[in-house]
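S.K.: Sequence and predicted model, in that order:
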Amino acid sequence: MKVKNFKEFKRGAEVTSLADEWSGRTTWFFRKIFVLHLTVILALPSFGRTQDTLIKNRPLQFQVNRLYVPGILMASGVLTNAFFKDQIKYKIVEQRNRHFGDFHTSVDNYLEYVSIPIAYGLDVFGVKSKNDFLNRTAILVKGEVLMYATAQVLKVSTHQLRPDGKDHYSFPSGHAAQAFATATFLSEEYKDRLPWMPYAAYTVAGTTGLLRIANNRHYLGDVLFGAGLGLLSMKISYWTHRYRWGKNKRKELSSAVY
């Protein structure tokens, strides 16, 4: 019996050690990816410059088809939590706990905000945004307020227990909402000049959501709904902005040559 208990203890210790090592490597990996991503973005303007004429502070027009993506994400989040609990909601948590029960990383606490310094940093390094400082800051603040207020109201009203059982603020994921709101902000400001920016921004946002599940802080449905909420909140901020400063300024802007 003692030999068996010792073997079980040793096996458990090995699994814990492996999980800790994997967590550390994951944190290191994502930090390296973020640094590399930021370095490439800031280095792009130095490859060469050309002149083109763009309209700054141009309002983003509302279109019904722009509601499809956030609508599908939010609907999927609700359906997953309400009707597919055993098949999806709890199944993912069960697999996570079985294979990576001791996994934890704090990378997601930083990834949710990285789009903001990138959005303002690019402008400093000569890659001009679609909107000037005052207008884009107003858009960002309005989108953040709408996203945060809605998320907090839903957290309190739904009173959903987190998968780790620590509190009842699981639905929706605030980290996912924050990450996708700021990713939308970064994408809208630079997608005309940097066509690949939406892919990079939403990849970071999606990684944030996945890490919330890996950290056992949210169910899949929480993350899906939070992603849709963040995206929609920032879109609404753009659609409703009135551009009281410098409306439709036409300027000669420098862009990087790829």
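M.R.: Everything's here; your move. Numbering: from 1, shown residues only.
S.K.: Quick one: mean pLDDT for the strand or helix carrying residue 75?
M.R.: Residue 75 belongs to helix 68-83 when assigned by DSSP states H and E. On average, the pLDDT along helix 68-83 is 96.
S.K.: In terms of secondary structure, what does it contact?
M.R.: Other helices and strands packing on helix 68-83, by 3 or more Cβ pairs under 8 Å, 6 or more residues apart in numbering; DSSP states H and E, are helix 220-240. C-beta: built from backbone N, CA, C; applies to glycine.
S.K.: Low-confidence stretches in the stretch 1-150 of the chain?
M.R.: 1-55 (pLDDT under 70).
S.K.: about what we covered before: and the angle from the helix holding residue 75 to helix 220-240?
M.R.: 150 degrees (axes from the mean of the first three to the mean of the last three Cα atoms, to 10 degrees).
S.K.: so how far is helix 68-83 from its chain's centroid?
M.R.: Chain-centre distance of helix 68-83: 17 Å, with Cα atoms, centre = their mean, to the nearest Å.
S.K.: just stretch 222-233 next, same as before
M.R.: Remark: stretch 222-233 is offset 9 Å from the chain centroid, using Cα atoms, centre = their mean.
S.K.: now swap in stretch 217-229 and tell me
M.R.: 11 Å.
S.K.: cool, and stretch 158-165?
M.R.: Worked out by Cα atoms, centre = their mean, stretch 158-165 lies 21 Å from the chain centre.
S.K.: Ok, stretch 106-123 next?
M.R.: Distance, centroid of stretch 106-123 to centroid of chain: 9 Å (Cα atoms, centre = their mean).
S.K.: do stretch 162-172 as well
M.R.: Centroid separation for stretch 162-172 versus its chain: 19 Å, with Cα atoms, centre = their mean.
S.K.: ends of that stretch, how far apart?
M.R.: Counting by Cα to Cα, to the nearest Å, you get 10 Å between the two ends of stretch 162-172.
S.K.: Buried ones in it, by neighbour count?
M.R.: Residues of stretch 162-172 classed as buried: 162-163, 169-172 (neighbour count, 16 or more other Cβ atoms under 10 Å).
S.K.: For residue 127, state which of those is nearest.
M.R.: Set against residue 127, the nearest of the buried residues of stretch 162-172 by Cβ to Cβ is residue 172 (32.5 Å).
S.K.: The closest one: which element?
M.R.: Using DSSP H and E, no helix or strand contains residue 172.
S.K.: Could you report the distance from the closest residue to residue 232 other than its chain neighbours to residue 146?
M.R.: Spatial nearest neighbour of residue 232, chain neighbours left out: residue 70 (3.8 Å); criterion: Cβ to Cβ, 6 or more residues apart in numbering. According to Cβ to Cβ, to the nearest Å, residue 70 and residue 146 sit 13 Å apart.
S.K.: same deal with residue 194?
M.R.: Distance of residue 194 to residue 146, given as Cβ to Cβ: 26 Å.
S.K.: ditto for residue 72
M.R.: Shown here: residue 72 relative to residue 146, a distance of 20 Å by Cβ to Cβ.
S.K.: The two: which has the busier surroundings?
M.R.: When neighbours are counted by other Cβ atoms under 10 Å, residue 72 and residue 146 differ, and residue 146 comes out ahead with 19 against 12.
S.K.: hang on, the earlier thing: can you name every helix or strand that the following helix or strand past the helix holding residue 75 contacts?
M.R.: Using DSSP H and E, the helix or strand that directly follows helix 68-83 along the chain is helix 90-100. Here helix 90-100 is seen to pack against helix 197-214 when contacts are counted using 3+ Cβ pairs under 8 Å, 6+ apart.
S.K.: Would you mark the buried spots in the helix it packs on?
M.R.: Here helix 197-214 shows 197-198, 200-202, 204-209, 211-214 as buried, counting by 16+ other Cβ under 10 Å.
S.K.: Summarise which helices and strands it is packed against.
M.R.: Helices and strands touching helix 197-214, by 3+ Cβ pairs under 8 Å, 6+ apart, are helix 2-43, helix 90-100, helix 108-111, helix 115-124, helix 174-190, helix 220-240.
S.K.: got the CA positions of it in CSV?
M.R.: What follows is helix 197-214 as a C-alpha-only set of coordinates in CSV (Å, rounded to 0.1, in the frame of the first residue of the first chain):
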residue,chain,number,x,y,z
MET,A,197,-3.7,44.9,-38.7
PRO,A,198,-7.2,43.4,-38.2
TYR,A,199,-5.7,39.9,-38.3
ALA,A,200,-2.9,40.7,-35.8
ALA,A,201,-5.3,42.6,-33.5
TYR,A,202,-8.0,39.9,-33.4
THR,A,203,-5.4,37.2,-33.0
VAL,A,204,-4.1,38.8,-29.8
ALA,A,205,-7.7,39.3,-28.6
GLY,A,206,-8.6,35.6,-29.4
THR,A,207,-5.5,34.5,-27.5
THR,A,208,-6.7,36.5,-24.5
GLY,A,209,-10.0,34.7,-24.6
LEU,A,210,-8.4,31.2,-24.9
LEU,A,211,-6.1,32.0,-22.0
ARG,A,212,-9.1,32.8,-19.8
ILE,A,213,-10.4,29.3,-20.5
ALA,A,214,-7.0,27.8,-19.9
